[in-house]
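Chemist: Structure for this input, please:
(2 chains)
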Protein chains: 2
Amino acid sequence: MAERITKQSEDFSRWYNDIVIQSELADYSPVRGCMVIRPNGFAIWEKIRDTLDRLIKESGHQNAYFPLFIPESFFKKEAEHVKGFSPECAVVTHGGGNKLEESLMVRPTSETIIYTMYSKWIKSYRDLPVLINQWANIVRWEMRTRLFLRTTEFLWQEGHTAHATYEEAEEECLKILNLYSDFAEKYMSIPVLKGQKSEKEKFAGALKTYSIEAMMQDKKALQCGTSHNLGQNFSKAFNVRFQTKNGNMQYVWQTSWGVSTRLVGALIMAHSDDQGLVLPPRLAPTQVIIIPIWGEKKDNSEIINIIDKIKNDIKKDVSVKADTSEQNSPGWKFNQYELLGVPLRIEIGPTDIKNREVVFVRRDNNKKEKVSWDKIKENVRFILEDIQKSILKKASEFRDSNTFYFDDYKKFKEIMERDGGFVMAHWCGEKSCEDKIQEETKAVICTIPFDSKEESGKCILCGDNSSKRILFARSY
Amino acid sequence: MAERITKQSEDFSRWYNDIVIQSELADYSPVRGCMVIRPNGFAIWEKIRDTLDRLIKESGHQNAYFPLFIPESFFKKEAEHVKGFSPECAVVTHGGGNKLEESLMVRPTSETIIYTMYSKWIKSYRDLPVLINQWANIVRWEMRTRLFLRTTEFLWQEGHTAHATYEEAEEECLKILNLYSDFAEKYMSIPVLKGQKSEKEKFAGALKTYSIEAMMQDKKALQCGTSHNLGQNFSKAFNVRFQTKNGNMQYVWQTSWGVSTRLVGALIMAHSDDQGLVLPPRLAPTQVIIIPIWGEKKDNSEIINIIDKIKNDIKKDVSVKADTSEQNSPGWKFNQYELLGVPLRIEIGPTDIKNREVVFVRRDNNKKEKVSWDKIKENVRFILEDIQKSILKKASEFRDSNTFYFDDYKKFKEIMERDGGFVMAHWCGEKSCEDKIQEETKAVICTIPFDSKEESGKCILCGDNSSKRILFARSY
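Modeler: Below is the predicted model of the structure:
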């Protein structure tokens, strides 16, 4: 807490790192590219994970666990896949003191090992659909790393499903995309755009990749989750076949989808400020902090008793802590819990006791409000819900006011160089234009949004025909 | 379900494998020594993990996450530790397409990487105690593997704490041992012996290792959890020091402790029978299965409605499923859910409807009982609790009747060759006797039990003085 947080407006990237380090969410490890997720950060990840796990199970999926290691030969069975992931792999060449006959890749994603098992388990249409999810650690060798956003090892969930028809796989794929987008908006308070990736940006080995994309406070885009329709690419490579009702043998249709510890980074970059973390109440490990303002009296037992009563009264509804330590001043505590992003602070001092009230202070907008003792419980619940909605609204307004509908390439280039933002522009569909725009503006095609209306237009670069605007932005 | 389970009495080891494979708890993977934990098995692990996670948090610990990889040089800092674990390591030599300057070990346990971070984080007595736990995957190269019991990769939790004094570390160590033993008895229905390991059997780098030991149905011992007092061995190797209140610099005192997916194997080997799994209700993913016995009538809607009502009535208290599929016969379903170890089956047919009752069938002892509709809810709760206790009682009686207090080495050898069992015998404390006994009987010193009374005796091998009996058994 002693150190100053770099101002967001001064240097966004240092601001981000200062928050992560000073609020003790994570730390650099001595292992190249790997981070340590400290208890404060892991508690947020646990909230994300537990919520998503519930949603994934409620939608009919089961958890399982597959090996960390993938034999090199499996990896090579799907041509696009190996091309995309090989350069990022960590390779185990020795085990138990001996050189291995075949090297093992540490999983950069698990399609190849999981579908090897599916080819053993799936025999008949009666075995379908297979709806399995895995929570696991993943390794992708990264040259330029950033805490939570891009690290050599990260944690994620990866869903892997198999279906009898293309239509069912496509339906599953979109169902999960909607699950992710609901989660982002309702729990993370982050508005997202749903859409499809361009051919260039899709997952190595997929037929189509869908994603949700969010704007961070530096106006860059962050991909927050992906859902892939794999078609029959992997089932053909791994011979995952089933007997249909008619007795024919057919390859299954597959999907895979995932979100990762990157979402912790998204939470920070979407909502936090120069005082530290701002967390949506539904994902805040501690939702309410009670802090006493000691009076002149030496005996603090009265105030401590009242705090205990308040705590007991609300602890069934919300996650609440009190900091009654006498070592630190109230002011120090205010700063500390602001840094940690606790959504609501309750202060109570001698005058408040006389008036049978407390002071509520919101983390998101710093507003103070006196609340009488008998109204604490209902007000806590109401205010937390209001914070949840307010920060979503703020993030939505920020995104909307930084989203531009441009038909003029000069304006596009200017905004990217000056302020950044989301640019909705027409594109002809050619990779050459996509590449050139990226080269000149550093903006990529984040997504072809579902809610982009059909309208006739001209590619912002080459002028060829286009039927809808798509999202360009600089991206993490 | 089509295949027969080998009888336990015929071949214990094949019986075990048949259960794991046929109830789809796990499967062999094509990666040497690694298993796949299938949804049925993972659901049991989730129950174990979630319960333990709650108990660990309630006792003041926080979760965090540390890197999968450990640089070889860190590993070598504690001499005993590297000697113990090096031969079991998987080694990453290449990353991102290049040979690494320093090889990385895939963690076989995380003391070395975690304490490197502790040396950075711990500065003052105010930072102590540090009470951190991690849920992670672990790799130890195994030559002879066995599903859940011994696999190259497994899942576990590892607690790592740092304290200001030896006494506090010792207290923590025993607190966790008690937590593990309570968990084993109250949740897993497995009675365990708490005690200390011999010097030979202790953790590489520890001052002392405590463990809980259980008897399986083949009368072999299974170590179900360990808690290590690390003393200052690691803090000295990793320079984890703190400033005391007086301003002196001192090395911290440490503990580490863990349980793993091996506990799923323990559940199977302690309770299951020739029909399949027998699960303690508190860890059974499905506690109650309702199965309709269709009548002559073509219309099954009445019976289905009643089943729905029963389900809705009890689903707040217990995890309940109904199998109303018409594809399989009731007999097939009985076998299937017995195989899966669902503790309580509720059958309902046309006669039961007339009498406004159902039939309860317990998985543990196959006893049938008619229960009237208005008594279902209270009886379900009561019977599940009774099953939980009954299987603990059965396991305790089995263990006690196979525990022998021998002073005669010939008897010891005989019982080990014939039936196996726990032998409580005197031992002089010398490694030479420990080694010789192991060589001749294949029995090891599982633990020096806490509750072994002080009594003067003679080492069962050499005849030297001994002050208490200790536990010898063949062990997994």
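
Chemist: which residues in the stretch 301-450 of chain A form strands?
Modeler: With DSSP state E, counting those that start in this stretch, the ranges of strands along the stretch 301-450 of chain A come out as A:320-322, A:344-348, A:357-362, A:368-372, A:403-405, A:422-426, A:444-449.

Chemist: domains of chain A?
Modeler: Per automatic domain parsing, the structural domains of chain A span A:12-271, A:286-383, A:403-473.

Chemist: right, so those: which one is the most enclosed?
Modeler: Using mean count of other Cβ atoms under 10 Å in any protein chain shown, the stretch among these with the largest mean neighbour count is domain A:12-271, at a mean of 20. In short, each C-beta sits where N, CA and C put it, glycine included.

Chemist: Nearest to residue B:355, out of the strands of the stretch 301-450 of chain A?
Modeler: Minimum separation from residue B:355 across the strands of the stretch 301-450 of chain A (Cβ to Cβ) falls at strand A:320-322, 51.4 Å.

Chemist: mean confidence score for the closest one?
Modeler: In this model, strand A:320-322 carries a mean pLDDT of 98.

Chemist: Kindly provide the distance from the residue of the stretch 101-250 of chain A found nearest chain B to residue B:96.
Modeler: Residue nearest to chain B within the stretch 101-250 of chain A (Cβ to the nearest Cβ): residue A:141, separated by 3.3 Å. Counting by Cβ to Cβ, to the nearest Å, the separation of residue A:141 from residue B:96 is 3 Å.

Chemist: Give me the common contacts of these two.
Modeler: Shared contacts of residue A:141 and residue B:96, defined by Cβ atoms under 8 Å, 6 or more residues apart in numbering or on different chains, are found at A:87, A:88, A:89, A:90.

Chemist: Just these: which are in strands?
Modeler: Applying DSSP state E to these, the entries found in strands are residue A:90.

Chemist: could you dump the shared contacts of residue A:141 and residue B:96 to a markdown table with pLDDT and distance to chain B?
Modeler: A markdown table is the format used below for the shared contacts of residue A:141 and residue B:96 (pLDDT from 0 to 100; distance: Cβ to the nearest Cβ, whole Å):
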| residue | pLDDT | distance to chain B |
| --- | --- | --- |
| A:87 | 89 | 5 |
| A:88 | 92 | 6 |
| A:89 | 95 | 8 |
| A:90 | 96 | 5 |
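
Chemist: Most widely separated two among the shared contacts of residue A:141 and residue B:96?
Modeler: A:87 and A:90 (11.4 Å).

Chemist: Give me the common contacts of the two.
Modeler: Both residue A:87 and residue A:90 are contacted by A:141, B:96, under the criterion Cβ under 8 Å, 6+ apart.

Chemist: what's the angle between the longest helix seen in chain A and strand A:422-426?
Modeler: Ranked by residue count, the top helix of chain A under DSSP state H comes out as helix A:376-401. Put simply, helix A:376-401 runs at 40 degrees to strand A:422-426, going by axes from the mean of the first three to the mean of the last three Cα atoms, to 10 degrees.

Chemist: which other helices and strands contact helix A:376-401?
Modeler: With contacts taken as 3 or more Cβ pairs under 8 Å, 6 or more residues apart in numbering or on different chains; DSSP states H and E, helix A:376-401 sits against strand A:208-215, helix A:262-271, helix A:301-314, strand A:344-348, strand A:357-362.

Chemist: returning to that earlier point: in CSV, list the strands of the stretch 301-450 of chain A along with distance to chain B.
Modeler: Compiled in CSV, the strands of the stretch 301-450 of chain A are given as follows (distance: least, Cβ to the nearest Cβ, whole Å):
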stretch, distance to chain B
strand A:320-322, 13
strand A:344-348, 22
strand A:357-362, 26
strand A:368-372, 30
strand A:403-405, 36
strand A:422-426, 32
strand A:444-449, 22
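
Chemist: Output those as a markdown table; include the columns distance to residue A:64.
Modeler: Output for the strands of the stretch 301-450 of chain A, formatted as a markdown table (distance: least, Cβ to Cβ, whole Å):
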| stretch | distance to residue A:64 |
| --- | --- |
| strand A:320-322 | 36 |
| strand A:344-348 | 39 |
| strand A:357-362 | 42 |
| strand A:368-372 | 48 |
| strand A:403-405 | 40 |
| strand A:422-426 | 38 |
| strand A:444-449 | 30 |
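
Chemist: Tabulate the helices and strands packed on helix A:376-401 (TSV), appending distance to residue B:299 and mean pLDDT.
Modeler: Listed next are the helices and strands packed on helix A:376-401 as TSV, based on distance: least, Cβ to Cβ, whole Å; pLDDT from 0 to 100:
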stretch	distance to residue B:299	mean pLDDT
strand A:208-215	44	98
helix A:262-271	50	98
helix A:301-314	52	95
strand A:344-348	56	97
strand A:357-362	59	98
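
Chemist: among those, which is nearest residue B:47?
Modeler: helix A:262-271 (26.2 Å).

Chemist: What are the contacting residues of the closest one?
Modeler: A:16, A:19-20, A:25, A:41, A:44-45, A:48, A:146-150, A:154, A:188-190, A:214-218, A:222, A:224-225, A:277-280, A:283, A:364, A:391, A:394-395, A:476.

Chemist: before we move on, the earlier item: hmm, residue A:152 and the residue of the stretch 101-250 of chain A closest to chain B touching each other?
Modeler: Yes - contact status for residue A:141 versus residue A:152: in contact at 5.9 Å, counting by Cβ atoms under 8 Å.

Chemist: Thanks again, I'm all set now.
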